[in-house]
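*Asks:* Compute the structure for the input listed below.
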Amino acid sequence: MPHLKRRRATVLIATLALSTWASAQKQTEPHQSDVNWPVKTVRIVVGFPAGSSPDLTARTLAEPLSKALGQPVIVENKVGAGGNIAADFVAKATDDHTIGLMINGNLTIAKLLNPKLNYDPLKDLTPVSLIGMSPLVLTAPVGTAEGTAKEFLAAARSAGDKWSYGSPGVGTVGHIGMELLKGQSGINPVHVPYPGYPQVATALIGGQLQLSMMPPALALAQIRAGKLRAIGVTSSGRSTLAPDLPSMAEAGVKDFNLEIWNAVAAPNSMPKPVVARLSALISEVARSPEIRQKLFQQGWQVAGTSAEGLANRIKLDTALLGGVIAKRGIKPD
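*Replies:* Prediction:
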């Protein structure tokens with residue numbers, strides 16, 4: 001009997017060892033297959049034209065990412081619908097070598113604004129990395145309600161609906177952000193949509209509008225030229241992109257924080273180990289000193305987050321902007 005017990009114990013130990021080895025092999029298999037990815041050219045799809053901010057960001061990342069992956073990385077532009085055509089294309093890609101450089105609207109409120117949209121950001125796309133963030137600049141014509149940011153907002157409250165603000169269209173961050181500011185500051189200017197920010201800037205300079213939230217790259221150029229006036233940035237604190245401008249908190253609007261951002265996303269069907277590798281490499285590339293400086297010059301504070309970091313930002317902004325859409329009844333044209 002003692003011999004039989006020892007034999008059974010030996011068999012049990014061997015079985016457990018074999019089971020543990022098999023489990024370990026199974027867990028490492030995806031990582032082993034990871035070594036063979038990518039096996040061909042990787043595409044970064046951008047929903048905006050060549051020379052646009054998202055396009056410049058994608059092309060800045062492409063070369064160093066290609067070196068890191070050991071395969072060509074190309075940028076492909078699929079323009080239209082505020083980047084949603086490209087986002088839909090990425091969501092439906094099945095080759096495991098297609099990713100997208102997208103703006104925050106494509107990954108957060110796109111479906112909330114248009115329930116008939118062909119893709120669902122939360123279900124059809126998987127986060128890879130948040131690349132860069134930037135506050136908007138609350139901008140006004142030169143000579144409009146001179147004084148501090150607080151004094152400007154006080155004048156805007158007094159003006160009520162006699163003032164107008166411009167945005168590049170219904171449902172854009174420039175539109176939703178102003179509606180958020182209206183709710184938190186008590187101002188009530190009337191929305192006037194334009195085809196794009198260049199037209200908004202022209203209307204501001206001409207005095208047809210009294211204020212607008214504009215991207216720093218465009219706003220600061222006009223401000224430095226003396227054609228427009230900066231009221232403040234829309235972040236909770238001062239921005240390194242424009243450190244001399246007050247925040248909305250300094251203007252008297254507590255806890256106001258609105259940023260535009262761009263990020264890399266992949267089809268939800270892309271294998272998780274591949275997404276994890278992409279996230280690590282893209283984050284590393286974005287945070288490298290050379291690329292960080294290039295992106296800063298393009299108007300971005302580099303984040304270079306993990307996939308989880310981007311997922312958290314998507315969740316927060318979807319709730320924030322989605323709340324404004326629901327409360328204000330914002331619908332696309």
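*Asks:* Please count neighbours and contacts with C-alpha atoms only from this point.
*Replies:* OK.
*Asks:* okay, now I330: neighbour count?
*Replies:* Neighbour count for I330, taken as other C-alpha atoms under 10 Å: 17.
*Asks:* Distance check, the closest residue to it other than its chain neighbours against S158.
*Replies:* When the adjacent residues along the chain are set aside, I330 lies closest to G171, with 6.8 Å between them (C-alpha to C-alpha, 6 or more residues apart in numbering). When distance is defined by C-alpha to C-alpha, to the nearest Å, G171 is 26 Å away from S158.
*Asks:* just L316 next, same as before
*Replies:* Counting by C-alpha to C-alpha - L316 and S158 are separated by 32 Å.
*Asks:* hey, what's I260 bridged with?
*Replies:* S134 (DSSP bridges).
*Asks:* Am I right that it is in contact with L130?
*Replies:* No: with contacts defined as C-alpha atoms under 8 Å, I260 does not count as touching L130, sitting 11.2 Å away.
*Asks:* Compare those two (neighbour count), which wins?
*Replies:* Remark: of I260 and L130, L130 carries more neighbours, 31 against 18, as counted by other C-alpha under 10 Å.
*Asks:* give me every residue that touches that one.
*Replies:* By C-alpha atoms under 8 Å, 6 or more residues apart in numbering, L130 lies in contact with W261, N262, A263, V264, A303, G304, T305, S306, A307, G309, L310.
*Asks:* and of those, the nearest to P271?
*Replies:* For the contacts of L130, the residue nearest P271 by C-alpha to C-alpha is A307; the value is 13.4 Å.
*Asks:* number of nearby residues for that closest one?
*Replies:* 23.
*Asks:* Over to A319?
*Replies:* Neighbours of A319 under the rule other C-alpha under 10 Å: 14.
*Asks:* same check, this time on L310
*Replies:* Around L310 there are 24 residues (other C-alpha under 10 Å).
*Asks:* Pretty sure it sits in a helix.
*Replies:* Yes: assigned with DSSP: H, G, I helix; E, B strand; the rest coil, L310 falls within a helix.
*Asks:* which one is it nearest to, not counting chain neighbours?
*Replies:* L130 (5.0 Å).
*Asks:* CA atoms of the helix or strand where that neighbour lies as CSV?
*Replies:* Using DSSP states H and E, the element containing L130 is strand 125-135. What follows is strand 125-135, C-alpha atoms only, in CSV (Å, rounded to 0.1, in the frame of the first residue of the first chain):
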residue,chain,number,x,y,z
LEU,A,125,-12.9,50.5,-32.6
THR,A,126,-10.3,49.7,-29.9
PRO,A,127,-8.2,52.4,-28.3
VAL,A,128,-4.4,52.3,-29.0
SER,A,129,-2.9,55.5,-27.7
LEU,A,130,-3.9,59.1,-27.0
ILE,A,131,-1.2,61.1,-28.9
GLY,A,132,-1.7,64.8,-28.2
MET,A,133,-4.0,67.3,-26.5
SER,A,134,-4.7,71.0,-26.9
PRO,A,135,-7.0,73.5,-25.3
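*Asks:* Now it: average pLDDT?
*Replies:* If you average the pLDDT over strand 125-135, you get 97.
*Asks:* Would you mark the buried spots in that strand?
*Replies:* L125, T126, P127, V128, S129, L130, I131, G132, M133, S134, P135 (16 or more other C-alpha atoms under 10 Å).
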